[in-house]
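Undergrad: I would like to see how this sequence folds:
(chains A and B)
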Amino acid sequence: MDRSLRRRRITDRITIGLFLLPALALFGLLVITPILLAGYTSLFRWNGFGGLPTDFVGLDNFVRLLDDPIFLGDLRRGATLLVLSVTVQLPLALGLALLLNQKLRGRALYRLLFFAPYVLSEVITAVLFTMVFSPNRGLANQLLTVVGLGHLSSTWLSDPSTVLYSVFLVMTWKYFGFHLILLLAGRQNIPKELHEAAATDGAGGWQTFRHITLPLLAPTIRISLFLAVIGTIQLFDLVWVLTGGGPLHASETMAVTMFQYGFQRFEVGYASAISITMFLISLFFAVLYQRFVLRRDLEGAMTNMGAQR
Amino acid sequence: MTTPIHLTRRSLLGLAGLGVGAVALGGCGDSEGDSSAIDWWHIHNTDPMLPVWAAFAEEFKAENPGTSINITPLENEAYKARLTTVTQAGNPPDIYHTWGGGVLGQQIDAGLCQDITDAVAPWRDILTPAATLPYEIDGKLYGVPFDIGMIGFWYNKALFSDAGVDTPPTTWAEYLEVVRRLKDAGVTPIALAGGEKWPGHYYWAYLAMRIGGIEALTQAGEDNNFTTPTFIDAGRRLAELAALEPFQPGFLGASYGSPDGQGAAMGNGQAAMELMGQWAPTVQADASGVDGGIGDDLGFFPFPAVEGGRGLVTDAFGGGGGFAIGREAPPAAIRFLEFVSQVDKQRRAVATGALLPVTIGAEDAIEDPNLALVADTLAQATGFQLYLDQAYAPAVGQEVNDRVAELIAGTATPEQVADSVTTVAQR
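TA: As a prediction, the model looks like this:
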């Protein structure tokens, strides 16, 4: 009995291994290998040409990062976008999600409309908004003039002091629909009875929101927040097409800086150091967030060998 | 239980056999291809040059049976990115586009392209000597040009005369005066694509050339020192120009070729001049959507001299396009370059208006009077300097572009520009 059980366990393991193999091979080849390779090249001064790098410089590239005003600026700009996402974009999505959960005429149409920007590709969105924000004949300035706010018209993407906010505007337009749908789905999962019971007990709108909707929506909000943060850290295509990181680096993100060093300055070693740093920041955040914020939501969904033993 | 295993093993063996066969066949194909298959990457992915190159390839194949040419046309920026990845793998195409200078230098150091000095020597005299300069490194030739051009001021004659300027300026002081007059007349004097940075570096480079002469730029590249008085002075004079606020609104984020960019501003008649290369008239018309741009109102004048400077007003700053030969390219690749360099081929390419001739005797194929003027100026040039973002190593070139953009925006001083370019050059 014991032997046959052991044998079954072994065959089980083999089966699991066989099923995992293709995925593991792909993951190893396309995810792990590039990360290791980037980690290796980040230790060299290398222009990317001809075979493997030879000019070993240790951690010099990383030391240089800490002293690079553009990279430090990237971190600051990333943090600004992050704070704006959390304080503007998510509440907006939450508000609209709750609104669209009400019974109102044309609800499905609104949902479709609000989600539509997310379906567009980043590049198309960016091209569209370069036209909207065009200083001479863009829609934004014309609209402002029409409604009598002509004095507010601006050069939007061409002014280092406004460009980051303009980029954030586009980001919000592009992504709030995604968060809206997530939150809407979360809201619909809250049983009606709870709200009915609260209404029976005489709870007002705010009280219901504060003590029922919000706590029960919290897992979705936490996921939404997580995705927003990771998305902001990796922000590239939208910015690249919209502004190229300019003017004067005022809208540059880490990924844009990495691309410029890698493919325009041919400092592949340094670019690798940037990519590794980005990876570490993402990893650090993801691990901490999962450990401390998503812990309750992920219970049972993640292996926790320690607890089982 | 045994049967399926047996079957599997046999089919596996069969598959393995097939695989070996395929590899063998593939090997045959490869070894055969080595002598005659040419991989060719160029950056003319649109009309008018795309069909011209394709036709040349067909004609070459007809004259050389057994040769095949695989053409990969790529858009400019996409080309740079893809070439980087294939060269990183150590496997460049047999014929590939090059701008010469620093990037080509890095490719040579990595042994990715061939020294073609001797192979080209028998027919090199059909080429304009200035045109091969960007591809000559340490006295050896690594590329064959197909296009050459120069940067100069393209201006709107009508707007100039509205502002009471009848003749283009020939000195920097006169130039600043023209800018002031245009501003007083309510005209945007200069269109500039500040968002793309490279158009701004033309001013800095030309000023340095006029002040210190081409030798000063070559010397700076060799010494990795840009803190010399030449570059500081060039920076000061450019800052002087920027202080007049001569550029169109929103120029800091403007692009070059978009419908709202530098070229379009010229094509629409919204700005009086731009400092740009021989392709400017085409882009002005395309980007503005105005057929023919500003037409006969368009004029060209060379970058003005700087009072007391060592550089001549006839020294030209520019660049072109050429083809380099990948390290494993068959000899037929060089024969193909000889083929397309012949005067009859050059005349056909030049007649499209997209290229300026590099072969002696093809000049008369230029139809546009402005382009003829550029070609003429170039033919009489007393010296030639390649674009700085091409001439120097890419990191240095990009730093020049980056920091000069800050100088124009007023956020960096001439000294800071010189210092940081030097820092990158010495890294």
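
Undergrad: so where do the strands sit in chain B?
TA: For chain B, the strands defined by DSSP state E cover B:37-42, B:68-73, B:95-98, B:136-137, B:140-141, B:143-150, B:152-156, B:188-190, B:271-276, B:298-301, B:315-325, B:383-386.

Undergrad: For these, could you give me a markdown table that also reports mean neighbour count?
TA: Quick note: C-beta positions are derived from backbone N, CA and C, even for glycine. Below are the strands of chain B laid out as a markdown table (neighbours: other Cβ atoms under 10 Å in any protein chain shown):
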| stretch | mean neighbour count |
| --- | --- |
| strand B:37-42 | 21 |
| strand B:68-73 | 16 |
| strand B:95-98 | 24 |
| strand B:136-137 | 16 |
| strand B:140-141 | 16 |
| strand B:143-150 | 25 |
| strand B:152-156 | 25 |
| strand B:188-190 | 24 |
| strand B:271-276 | 25 |
| strand B:298-301 | 20 |
| strand B:315-325 | 26 |
| strand B:383-386 | 20 |
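
Undergrad: and of those, who's closest to residue A:189?
TA: Closest to residue A:189 of the strands of chain B is strand B:68-73 (Cβ to Cβ; 51.5 Å).

Undergrad: what does the stretch 1-150 of chain A have sitting close to chain B?
TA: A:47, A:48, A:49, A:50, A:51, A:130, A:131, A:134, A:135, A:136, A:137, A:138 (Cβ under 8 Å from any Cβ of the partner chain).

Undergrad: Inside strands: which ones of those?
TA: Among the residues of the stretch 1-150 of chain A next to chain B, no member falls in strands (DSSP E).

Undergrad: Secondary structure element holding the residue nearest to residue A:256 when sequence neighbours are not counted?
TA: Spatially, and ignoring its direct neighbours in sequence, residue A:256 is nearest to residue A:245 (4.1 Å; Cβ to Cβ, 6 or more residues apart in numbering or on different chains). Here residue A:245 sits in a region with no helix or strand, counting by DSSP states H and E.

Undergrad: mind putting the strands of chain B in CSV, distance to residue B:246 included?
TA: Formatted as CSV, the strands of chain B follow (distance: least, Cβ to Cβ, whole Å):
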stretch, distance to residue B:246
strand B:37-42, 37
strand B:68-73, 38
strand B:95-98, 34
strand B:136-137, 37
strand B:140-141, 41
strand B:143-150, 22
strand B:152-156, 12
strand B:188-190, 4
strand B:271-276, 9
strand B:298-301, 16
strand B:315-325, 20
strand B:383-386, 24
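
Undergrad: picking that back up, can you lay out the residues of the stretch 1-150 of chain A next to chain B as JSON lines showing neighbour count and pLDDT?
TA: Formatted as JSON lines, the residues of the stretch 1-150 of chain A next to chain B follow (neighbours: other Cβ atoms under 10 Å in any protein chain shown; pLDDT from 0 to 100):
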{"residue": "A:47", "neighbour count": "24", "pLDDT": "81"}
{"residue": "A:48", "neighbour count": "20", "pLDDT": "77"}
{"residue": "A:49", "neighbour count": "21", "pLDDT": "74"}
{"residue": "A:50", "neighbour count": "20", "pLDDT": "65"}
{"residue": "A:51", "neighbour count": "10", "pLDDT": "69"}
{"residue": "A:130", "neighbour count": "22", "pLDDT": "88"}
{"residue": "A:131", "neighbour count": "14", "pLDDT": "87"}
{"residue": "A:134", "neighbour count": "24", "pLDDT": "83"}
{"residue": "A:135", "neighbour count": "21", "pLDDT": "78"}
{"residue": "A:136", "neighbour count": "16", "pLDDT": "73"}
{"residue": "A:137", "neighbour count": "10", "pLDDT": "76"}
{"residue": "A:138", "neighbour count": "22", "pLDDT": "82"}
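
Undergrad: Next, the contact list for residue B:201, please.
TA: By Cβ atoms under 8 Å, 6 or more residues apart in numbering or on different chains, the contact list for residue B:201 reads B:387, B:388, B:389, B:400, B:401, B:404.

Undergrad: Could you measure from it over to residue B:52?
TA: 30 Å (Cβ to Cβ, to the nearest Å).

Undergrad: if we can go back for a sec, closest to residue B:80 out of the strands of chain B?
TA: Nearest of the strands of chain B to residue B:80, taken as Cβ to Cβ: strand B:95-98 at 9.4 Å.

Undergrad: hmm, the closest one in reach of chain A?
TA: No - legend: contact between strand B:95-98 and chain A by Cβ under 8 Å from any Cβ is lacking; minimum distance shown is 13.3 Å.

Undergrad: List of residues touching that strand?
TA: Contacts for strand B:95-98 (Cβ under 8 Å, 6+ apart): B:38-43, B:79, B:83, B:104, B:107, B:113, B:135, B:142-143, B:321-326, B:329, B:333, B:336-337.

Undergrad: in its sheet, what does that strand sit against?
TA: Taking DSSP bridges as the criterion, strand B:95-98 forms sheet pairs with strand B:37-42 (parallel), strand B:315-325 (antiparallel).

Undergrad: Would you convert those into a markdown table that also reports distance to residue B:350 and mean pLDDT?
TA: As requested, the strands paired with strand B:95-98 are exported to a markdown table (distance: least, Cβ to Cβ, whole Å; pLDDT from 0 to 100):
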| stretch | distance to residue B:350 | mean pLDDT |
| --- | --- | --- |
| strand B:37-42 | 16 | 93 |
| strand B:315-325 | 12 | 92 |
